[in-house]
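Colleague: Sequence and predicted structure are below.
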Amino acid sequence: MFFKKNQLKERKKRKVVLVTGASSGLGLAIAKQLILDDLYFVVMTSRSTSSVRFDDEFILKNKNIWIRELDIIDHSQITEVIDEINSAHGGVDILINNAGISERSTVEDSDDSGRQRQLDVNYLAPLELIAQTLPTMRKKKYGRIINISSAGGFMAMPTMSAYSASKFALEAASESLWYEMKPWGINITLIIPGFINSLGYLNTTDSINSKLSSRNSKSAYYEHYRGMRALVARSMVGTRATNQGIAFKISKVLCCKNPPLRVYITFEAQLFYWMRKLMPPGLYHYILYIFLPNIKAWGKNKYQTNNSKP
């Protein structure tokens, strides 16, 4: 009986953190940092196809760690996980919406299924998770919601229109939520990284049409894909920001009494923010345009075919 009372006290002291997309990349780094901090009860979630990665990282369920399968676009699975947490721990105290996807495609090469998929994962699913965790947060008059956004959430780049649209939407909803939750003392924070030194860019998928265009030198968008793919790869490998460093900064944000709505957490994100804030819009867009990779070759292909097989 004594052990059970002490165990209950320990659980009450520890804030319950739910991390989505926790099996790799930034999500895994965040979860590891929270475990290292030893202040939280950490619920790590991932799709069933990715759960084996926890074993690879030697992360096992224990008294302060849960590992749960969760496909965030399946709202019934969200309900199951949230209900289980509510029943065992009285609700989620800190929600970290990290899971996300990106698809490379120009607007013309994009298709409805790809656009919808990115909205589902990057925008609609986080809002569903938020909606299901807010009732217990409001009841306790405490809560932290961390939405992992991107520099692509306030500046759009070519070949990434649908991704940026989904992150723009997440930022807008988060800002609205910031106002709505003030009466209950629930803090909303957007974590906005730029480039991260990792191989995460290799997980970017392509639409059917963008695959065809990027392989066909006669395509109207061939140079767009070739240049942007190389630019992103160079930027991701060349930056000093790492998943571990960003996770450490996020753990510090969780310790802030009144965290800001937006945290531009890498140098590139801060740079682009100030460029957009201080420059006249015309100058800002012109500078970004002229520095796009091999821009002089864009649109110069005399054949101007598109989506034809190489």
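Modeller: Here it is on my side, so go on. Residues are numbered from 1 along each chain as shown.

Colleague: wait, doesn't Gly21 sit right on Asn98?
Modeller: Yes: with contacts counted by Cβ atoms under 8 Å, Gly21 reaches Asn98, the gap being 4.6 Å. (Each C-beta comes from the backbone N, C-alpha and C, glycine too.)

Colleague: intersection of neighbour lists for those two?
Modeller: Listed as contacting both Gly21 and Asn98 by Cβ atoms under 8 Å, 6 or more residues apart in numbering are Gly27.

Colleague: Glu300: how many residues sit nearby?
Modeller: Glu isn't right for residue 300; it's Lys. Lys300: 9 surrounding residues under other Cβ atoms under 10 Å.

Colleague: For Leu271, see how far away it is.
Modeller: To Leu271, Lys300 is 30 Å away according to Cβ to Cβ, to the nearest Å.

Colleague: cool, and Arg215?
Modeller: Counting by Cβ to Cβ, the gap from Arg215 to Leu271 is 33 Å.

Colleague: With Gly21 instead?
Modeller: Gly21 is 26 Å from Leu271, by Cβ to Cβ.

Colleague: could you dump the longest helix along the chain to PDB, C-alpha only?
Modeller: In the chain, assigned by DSSP state H, the helix with the most residues is helix 161-181. Taking Å, rounded to 0.1, in the frame of the first residue of the first chain, the C-alpha atoms of helix 161-181 are listed here in PDB:
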ATOM      1  CA  SER A 161       3.400  24.800 -52.100                       C
ATOM      2  CA  ALA A 162       1.200  22.300 -50.400                       C
ATOM      3  CA  TYR A 163       3.600  21.700 -47.500                       C
ATOM      4  CA  SER A 164       3.900  25.400 -46.800                       C
ATOM      5  CA  ALA A 165       0.100  25.800 -47.100                       C
ATOM      6  CA  SER A 166      -0.400  23.100 -44.400                       C
ATOM      7  CA  LYS A 167       2.100  24.800 -42.100                       C
ATOM      8  CA  PHE A 168       0.700  28.300 -42.800                       C
ATOM      9  CA  ALA A 169      -2.700  26.800 -41.700                       C
ATOM     10  CA  LEU A 170      -1.200  25.300 -38.500                       C
ATOM     11  CA  GLU A 171       0.300  28.700 -37.600                       C
ATOM     12  CA  ALA A 172      -2.900  30.500 -38.100                       C
ATOM     13  CA  ALA A 173      -4.900  28.000 -36.100                       C
ATOM     14  CA  SER A 174      -2.300  28.100 -33.300                       C
ATOM     15  CA  GLU A 175      -2.500  31.900 -33.100                       C
ATOM     16  CA  SER A 176      -6.300  31.700 -32.800                       C
ATOM     17  CA  LEU A 177      -5.900  29.100 -30.200                       C
ATOM     18  CA  TRP A 178      -3.500  31.300 -28.200                       C
ATOM     19  CA  TYR A 179      -6.300  33.800 -27.700                       C
ATOM     20  CA  GLU A 180      -8.900  31.200 -26.900                       C
ATOM     21  CA  MET A 181      -6.900  29.500 -24.200                       C
END
